[in-house]
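>>> sharing a model that was predicted from the sequence below.
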Amino acid sequence: MKQFTFYSIFIIALLSSSCNGNDSSNNHQNELESSEKSSSLNDAEPVSQSHPGKAVYQKYCLTCHQADGSGVPGMFPPLSPNDWTADKEKMIELMLNGQSGKITVNGEVYNNLMPAHDFLSDQEIADVISYVRSSFGNDLEPVSKEEVEAAR
Ligand code: HEC
């Protein structure tokens with residue numbers, strides 16, 4: 001009888017602990033789901049956060065133009081709204097051919113060299129230009145892969 005009591009207590013303990021286990025993991029999941037929901041609701045910049053051109057930018061442009069597109073004074077011009085970001089054709093040409101010599105961007109003179117990025121695919125070039133044109137204060141329509149293809 002003693003042994004029976006011992007086992008039944010053991011089993012009850014087991015059962016209740018596994019129930020608690022389930023409960024707490026369910027709660028945890030609910031917490032996770034609700035925090036995901038609220039974070040996507042609070043997301044102020046959903047476009048640039050998930051933009052396919054962001055990865056291209058981080059890999060090929062960030063070292064010079066910086067993560068926030070502010071550039072480096074006197075060396076790398078900023079990507080905030082200017083004559084280049086505003087002009088699709090100028091930007092496509094810049095990606096394919098690079099740019100060197102004196103240019104003025106928002107009143108600042110730069111006389112440096114940007115290498116060509118023609119090794120990127122039409123899609124990657126379209127994505128990165130579209131990313132720049134929708135970030136750093138720019139709010140312009142995207143560039144398509146066909147537009148890049150036509151300019152090559
Ligand atoms: C090695 C450094 C370097 C890299 C990498 C680079 N750039 Fe540039 N970029 C420059 C320089 C320097 C200039 C100005 C060239 C001049 O002085 O004639 C420039 C100019 C520009 C301009 C025109 C001026 C402006 O500020 O709007 C744009 C747009 C631009 N770059 C975008 C990009 C994008 C997008 C990438 C990535 C695909 C990129 N750059 C990669 C150095 C770089």
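It's in.

>>> how is the protein divided into domains?
1-42, 49-151 (automatic domain parsing).

>>> can I get those domains in CSV including mean pLDDT, mean neighbour count and distance to the ligand?
C-beta: built from backbone N, CA, C; applies to glycine. Formatted as CSV, those follow (pLDDT from 0 to 100; neighbours: other CB atoms under 10 Å; distance: least, CB to the nearest ligand atom, whole Å):
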stretch, mean pLDDT, mean neighbour count, distance to the ligand
domain 1-42, 47, 9, 27
domain 49-151, 97, 16, 3
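
>>> setting aside sequence neighbours, what's the nearest residue to Ala116?
In space, and not counting its chain neighbours, Ala116 is closest to Gly98: 3.7 Å by CB to CB, 6 or more residues apart in numbering.

>>> distance check, the one you found against Gly107.
As for Gly98, its distance to Gly107 is 23 Å (criterion: CB to CB, to the nearest Å).

>>> same check on Glu124?
31 Å.
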